[in-house]
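> Here is the input, now give the coordinates:
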Amino acid sequence: MSGGRPRHATSTARRVPVSTYRLQVTADFDLTAARDLVDYVHDLGADWLYLSPVLQAEPGSQHGYDVVDHTHVDDERGGDAALRALAEAAHAVGLGVLVDIVPNHVGVATPSVNPWWWSLLEQGQGSPVAWAFDVDWEAGDGRIRIPVLDDRLLDGVTLRDGRLYLGDTAYPTAPGTVHEGDSVADVHDRQHYEFVHWKRADHELNYRRFFAVNTLAAIRVEEPEVFAASHTTIGAWFRDGLVDGLRVDHPDGLYDPAGYLQDLADLTGGAYVLVEKILEPGEQLPASWPVDGTTGYDALGVLDRVFVDTAGAEALTAASGAEPTDWQQLTHDTRRGIADGILGSEVRRLARLLAPVAGDLPEERVVDAVAEIVASFDVYRTYLPEGSHHLIAALERAAEARPELDDVIDRIAPALVDPSSAAALRLQQTSGMVMAKGVEDTAFYRTSRLTSLSEVGGDPSVFAVSVDDFHQAQRDRQGSWPHTMTTLTTHDTKRSEDTRARIAVLAELGDEWASTLERLQSLAPLEDAVLADLLWQAIVGARPASRERLHAYAEKASREAGDSTTWTDPDEDFERRMHALVDASFDDPAVVAVLDALDERIDAAGWSNGLGTKLVQLTAPGVPDVYQGTESWDRSLVDPDNRRPVDYAERRHVLATLDGPEESGPERLPAIGPDGAAKVLVTSRALRLRRDHPELFTRYLALEASGVAADHVVAFDRGGAVTVATRLPIGLERVGGWGDTLVHAAPVDRVDLLTGRRVPASRGIPLAEVLADYPVALLVPADVVDEADHPTERGVADGSATTVTDAQAEVEILEGHA
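Numbers count the residues shown, from 1 in each chain. Modelled structure (predicted):
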């Protein structure tokens, strides 16, 4: 199926990025600091800057997804003037600007800084902005429940200056409800809100949240007034020419994603828009949406897996000990746990909407059936009527799994499949929450045979992807969504690209890794075998991560898994033993020796995988994003670890050195090592080529290989630019290297942009020569390099014609293949 933005929504002045560079904007790295990087990002070769949310967020917010005021840019991040200065600086050097926006929810942790929330609490249903929030007032007897009390209940609340306080957090009181001599309880009982114990949020909350985060309250952007009020500043960015595109956070939480996206297209004049839509393997983005694609998690899963050795699956499964054998059953059970637990309030609200059709069925049976249905989806959300087959499949799976609920499911199913039904729409908003919390934030931590597979949008039961399937995925993207984003690392990935690249090597070691893991377990035992395996892989993948970082990761991973300890009820004895495992990786000489030996075994292969995935991502179809700092090695773990400050002074120095006057020649090539210079070289040369020579990236042709090591290369021709990348480097060693292996491409003279090596036209590209220095090569027609050495007045940006003999010859040959 073809996809992409409908043509009628396109603006004549519309820009589309060739590539992007993501920056996490915070108080410590504000918009002024981002402006100071404009020259670096341009020199690196990226086409657009890509900013995290910048509207006014909660005080001290490190991510910006907790917007409290849509009327201006966050003061701590520099304010409106700083965004304007950044945009002007970016545009002056040709960079576009892409900004992340958050339409689904707002931050409510500090009521006094969110005017809408303060008004709602103060005036209840009489507030002029009551319609902005998704509140079930009837369920709360006319009050909104705020789950902030600890075991002291109202004894922890104070009354000062006519306001109620929990610690330093103020809550408003309705006019005329505070009298001299009143107790806290007296005043509290007169308010439009009700403080409740935080544990009651699981089942008694009556406002929609972002997932299970009580301090992020959903807003109803499906209402025209709410959309207008929450998007005034965003619209002004486009009218003023400051911003060129948007990334839409969590569209699956919206009441009507398609309607919202059309409103956004109308507001922005059809600007470039991406959605943070998590597609399960095989799932397609709705073709009717007026967007350019996703944020790239679907591409990430395929990019990673073509560098994984499928032969390691059996050994790694056995090594992990208590590894779940049925991924589908595991994820059903974790989703069901979420539906019964932290998202029970959302399930019960959906059951209340079904009461008219449920008739005399007991409420608890309806709740049980709804929980089973939302636990049975294999995708995040259905989009009725387009995705009705996913919903019908979930209903069938629920009935099969729970035959005793068959009569309940039959009764409520018609309402759930009716696109006009409030229950059907609520189900769509709820299923994505359950999927995200049950799979990404639980099941991913309960499987460990190869943890690099447990990534957002991925299915760990799919161990590897063949080269043929990889090529088909690229052809599909080129044909259907050519402007969708591709990514390797984001602020939400469970492990950064280079951490995963090292972990992927373990699939090639198989029994060797199994023996190593057994030795580590004997030296630093932990009774939760799956978690222990997960932690050792994190230590290996992120090495040399600091002790502090690994302790923080271990705590989060173990509590997210919820098998041996939890966030709400930590098992202190287990966590003490778990942290002892982490300490052993630093303090126990025997453990350190095992890890050092493993480092020697996998370092080179990990670097090879890292360079290979990077070059393939940067040159494959789609719009590649480079997450901040990942132009060099980045061995991060889950947030907040992946949001640490980046040393841009060092990266500037490396890039300047690479761009020095004597950069060419083998003696000037940076060695592949810990300093990351080789990765900066690969990243900058690939980004610059895509930006400056788009004519070399107009199609996708898989290139075949022959010879003793043909299985160890992935190669493709984009219409002049040829990418060659090593895969399974340990296996390559075992077969004795490249030998006579050739990649078969159109016979034209080429130059490797990474090494400067010239490759004469022949019947095949000899990998023993081309990959003598690096495990990757980026080949271009020789005349493209000659033109760069002797530039004419013609510029790529102005689209004027150019004479490039070898490039044109290759295009003609490729057209002959077509």
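
> What ranges does the stretch 251-400 of the chain have for its helices?
In the stretch 251-400 of the chain, the segments counted as helices under DSSP state H, counting those that start in this stretch are 257-268, 297-305, 313-319, 327-340, 344-353, 355-358, 363-374, 388-401.

> TSV for the ones you listed, including mean neighbour count, distance to Ile503 and mean pLDDT?
The way it works is simple: take the backbone N, C-alpha and C, and place the C-beta from them, glycine included. As requested, the helices of the stretch 251-400 of the chain are arranged in TSV below (neighbours: other CB atoms under 10 Å; distance: least, CB to CB, whole Å; pLDDT from 0 to 100):
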stretch	mean neighbour count	distance to Ile503	mean pLDDT
helix 257-268	19	34	98
helix 297-305	25	10	97
helix 313-319	19	10	92
helix 327-340	20	18	96
helix 344-353	23	34	98
helix 355-358	15	48	96
helix 363-374	23	32	98
helix 388-401	17	31	96
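
> To Leu450, which of the ones you listed lies closest?
helix 313-319 (5.4 Å; CB to CB).

> roughly how far out does that closest one sit from the chain middle?
Helix 313-319 sits 27 Å away from the centroid of its parent chain (CA atoms, centre = their mean, to the nearest Å).

> got the CA coordinates for it in PDB?
Coordinates of each C-alpha in helix 313-319 appear next as PDB, following Å, rounded to 0.1, in the frame of the first residue of the first chain:
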ATOM      1  CA  ALA A 313      19.100 -17.800  19.200                       C
ATOM      2  CA  GLU A 314      19.200 -21.300  20.700                       C
ATOM      3  CA  ALA A 315      22.300 -20.900  22.800                       C
ATOM      4  CA  LEU A 316      21.200 -17.500  24.100                       C
ATOM      5  CA  THR A 317      17.700 -18.700  25.000                       C
ATOM      6  CA  ALA A 318      19.300 -21.600  27.000                       C
ATOM      7  CA  ALA A 319      21.800 -19.300  28.600                       C
END
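
> residue boundaries of the strands in the stretch 601-750 of the chain?
Per DSSP state E, counting those that start in this stretch, the stretch 601-750 of the chain carries strands over the ranges 623-627, 701-702, 704-706, 713-717, 722-726, 742-744, 750-752.

> Ok, which of the helices of the stretch 251-400 of the chain comes nearest Asp28?
helix 297-305 (27.2 Å).

> so that closest one versus strand 623-627, what angle?
Going by axes from the mean of the first three to the mean of the last three CA atoms, to 10 degrees, helix 297-305 is angled at 80 degrees with respect to strand 623-627.

> tell me what helix 297-305 is packed against?
helix 467-480, strand 485-486, helix 589-619 (3 or more CB pairs under 8 Å, 6 or more residues apart in numbering; DSSP states H and E).

> Just name the most buried of those.
Of all those, strand 485-486 carries the top mean neighbour count, a mean of 27, counting by mean count of other CB atoms under 10 Å.

> what sits against the residue nearest to Phe210 when sequence neighbours are not counted?
Excluding the flanking residues, the one nearest Phe210 by CB to CB, 6 or more residues apart in numbering is Leu216, at 3.8 Å. Listed by CB atoms under 8 Å, 6 or more residues apart in numbering, the contact set of Leu216 reads Tyr65, Asp66, His105, Val106, Gly107, Val108, Arg209, Phe210.

> now the residue nearest to the fifth one when sequence neighbours are not counted: how far from Leu55?
It stands for Gly107. What sits nearest to Gly107 in space, not counting adjacent residues and going by CB to CB, 6+ apart, is Asp66, at 3.0 Å. Note on Asp66: its distance to Leu55, by CB to CB, to the nearest Å, is 10 Å.

> for Asp587, same thing?
Relative to Leu55, and taking CB to CB, Asp587 is found at 45 Å.

> for Val196, helix, strand, or coil?
Here Val196 is recorded as strand under DSSP: H, G, I helix; E, B strand; the rest coil.

> Touching, it and Asp150? I think so.
No. Judged on CB atoms under 8 Å, Val196 makes no contact with Asp150 at a distance of 11.2 Å.

> Put the alpha carbons of stretch 61-75 into CSV.
Extracted in CSV, the C-alpha atoms of stretch 61-75 (Å, rounded to 0.1, in the frame of the first residue of the first chain):
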residue,chain,number,x,y,z
SER,A,61,11.4,19.7,33.8
GLN,A,62,14.3,17.8,32.2
HIS,A,63,12.2,16.7,29.2
GLY,A,64,9.5,19.3,28.4
TYR,A,65,6.6,16.8,27.9
ASP,A,66,4.8,18.3,30.9
VAL,A,67,3.7,21.6,29.3
VAL,A,68,1.8,23.8,31.7
ASP,A,69,1.2,26.9,29.6
HIS,A,70,0.8,26.8,25.8
THR,A,71,1.1,30.6,25.3
HIS,A,72,4.8,30.9,25.3
VAL,A,73,8.2,29.2,25.1
ASP,A,74,9.6,27.9,28.4
ASP,A,75,11.4,30.7,30.3
